[in-house]
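A.B. asks: got a structure for you, letters missing:
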Ligand SMILES: C[S@@+](CC[C@H](N)C(=O)[O-])C[C@H]1O[C@@H](n2cnc3c(N)ncnc32)[C@H](O)[C@@H]1O
Ligand SMILES: CC(C)=CCC/C(C)=C/COP(=O)(O)OP(=O)(O)O
Ligand SMILES: [Mg+2]
């Protein structure tokens, strides 16, 4: 099997496409929240997304126990990796010779899991040089640098040929870009018959407009959460036909309720919990066929 061709050196850092992207690059270059690093330290998979699934209360044990906090961190991390597993479950059949693309790849945890499951190459793009270096260092430590590579690059202008990718995804990264531009770029890089998957938080058109909690999340992360309707429209306009739309809101609430009790809270927990509960915000997976 051939290794990734280094046509663009991983160290090349392009100028940000817009001042906003410069701000986002800076945000992620400076990010070092314990809620992300301590969870990643559990097994070396570093995520910047949230968790899904039921809490394993037996594994957590007694809150009065001195080992409880460590168990809580491991449990939150297990739920975040379970989220990636569900995303990967929706990629369809992937072979060892296929190329997968992680758009907005963070520190690369999902990319490592994808390679471990499918044995194929996984290319990621992030605006943050620190994240790309982190992901590439982890891949080197794991001996999979020939298969898993992160680059500093705008996901609206990715360094892949037309039709090159068997599947691509955004895991909690689509709220930083215009959705029509994003879906057009995924549609370009995907082979006909390929699969696009996003897991995202979106505001619910049935609520009316973005709630104050959604506005609080936007301000906290400097992002721009889209509505569920916008996702459908942007996909439909770009030859991406939804194959599955899964409302993960009930599955992510236990993660947030558990996280709110931990010492690693960041202050955004209340906004997620309240907006999921009042129906103004939804956590969804959308898998679409490139037709
Ligand atoms: C919340 S993190 C998600 C990281 C990763 N997908 C995960 O699940 O761990 C958002 C990511 O989107 C990336 N991002 C935001 N806008 C981007 C853009 N225009 N091009 C490439 N990456 C972008 C950020 O650099 C960051 O890595
Ligand atoms: C679902 C939505 C709206 C997500 C917004 C994007 C985002 C910042 C995700 C989590 O990143 P993180 O893991 O760095 O955040 P935290 O530090 O809160 O765990
Ligand atoms: Mg996190």
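C.D. replies: Everything's here; your move. From a predicted model like this one, the values you see are computed outputs, not experimental measurements. Ligands and ions are numbered 1, 2, ... in the order given.
A.B. asks: list the contacts for the residue of the stretch 151-291 of the chain found nearest ligand 2?
C.D. replies: Residue nearest to ligand 2 within the stretch 151-291 of the chain: residue 201 (3.0 Å; Cβ to the nearest ligand atom). (C-beta placed from N, C-alpha, C; glycine too.) For residue 201, the contacting residues are 172, 175, 217, 225, 272, 281, 282, 283, 284, by Cβ atoms under 8 Å, 6 or more residues apart in numbering.
A.B. asks: run a quick neighbour tally on residue 66.
C.D. replies: 7 (other Cβ atoms under 10 Å).
A.B. asks: meant to ask about residue 44, not that
C.D. replies: 11.
A.B. asks: pick out the residue nearest the middle of this structure.
C.D. replies: Nearest to the geometric centre of the chain sits residue 171, at 2.2 Å (Cα atoms, centre = their mean).
A.B. asks: thought that residue was touching residue 88?
C.D. replies: No - assessed by Cβ atoms under 8 Å, residue 171 is found out of contact with residue 88, at 10.1 Å.
A.B. asks: need the residues touching each of those two.
C.D. replies: residue 110.
A.B. asks: any idea how far the residue of the stretch 151-291 of the chain closest to ligand 2 is from residue 218?
C.D. replies: 10 Å (Cβ to Cβ, to the nearest Å).
A.B. asks: flag every residue of this structure that's near ligand 2.
C.D. replies: Residues of the chain lying close to ligand 2 (Cβ under 6 Å from any ligand atom) are 33, 35-36, 48-49, 172, 175, 201, 217, 221, 223, 225, 266, 268.
A.B. asks: ok, and what's touching stretch 176-185?
C.D. replies: 24, 103-104, 155-158, 170, 174, 196, 223-224, 226, 230-231, 233-235, 237-238, 240.
A.B. asks: got the buried residues for stretch 222-236?
C.D. replies: 223, 225, 226, 227, 228, 230, 231, 232, 234, 235 (16 or more other Cβ atoms under 10 Å).
A.B. asks: I'd like these laid out as a markdown table, including secondary structure.
C.D. replies: Listed next are the buried residues of stretch 222-236 as a markdown table, based on DSSP: H, G, I helix; E, B strand; the rest coil:
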| residue | secondary structure |
| --- | --- |
| 223 | coil |
| 225 | coil |
| 226 | coil |
| 227 | strand |
| 228 | helix |
| 230 | helix |
| 231 | helix |
| 232 | helix |
| 234 | helix |
| 235 | helix |
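A.B. asks: out of the residues you listed, who's nearest residue 77?
C.D. replies: When the buried residues of stretch 222-236 are compared for distance to residue 77 (Cβ to Cβ), residue 223 wins out at 23.0 Å.
A.B. asks: quick one, what contacts the closest one?
C.D. replies: Counting by Cβ under 8 Å, 6+ apart, residue 223 has contacts 175, 176, 217.
A.B. asks: just those residues: which are in helices?
C.D. replies: residue 217 (DSSP state H).
A.B. asks: could you flag which of the contacts of residue 223 are buried?
C.D. replies: Buried subset of the contacts of residue 223 (neighbour count, 16+ other Cβ under 10 Å): 175, 176, 217.
A.B. asks: reformat the residues you listed as CSV; add pLDDT.
C.D. replies: Below are the buried ones among the contacts of residue 223 laid out as CSV (pLDDT from 0 to 100):
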residue, pLDDT
175, 99
176, 98
217, 99
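A.B. asks: just these that are near ligand 1?
C.D. replies: residue 176.
A.B. asks: show me which of the buried ones among the contacts of residue 223 is closest to ligand 1.
C.D. replies: Nearest member of the buried ones among the contacts of residue 223 to ligand 1, counting by Cβ to the nearest ligand atom, is residue 176, at 3.4 Å.
A.B. asks: how much space between that closest one and residue 36?
C.D. replies: The spacing between residue 176 and residue 36, counted by Cβ to Cβ, is 17 Å.
A.B. asks: is ligand 1 contacted by the longest strand anywhere in the chain?
C.D. replies: Criterion DSSP state E: the longest strand present in the chain is strand 190-203. No - using Cβ under 6 Å from any ligand atom, strand 190-203 stays clear of ligand 1, coming no nearer than 8.0 Å.
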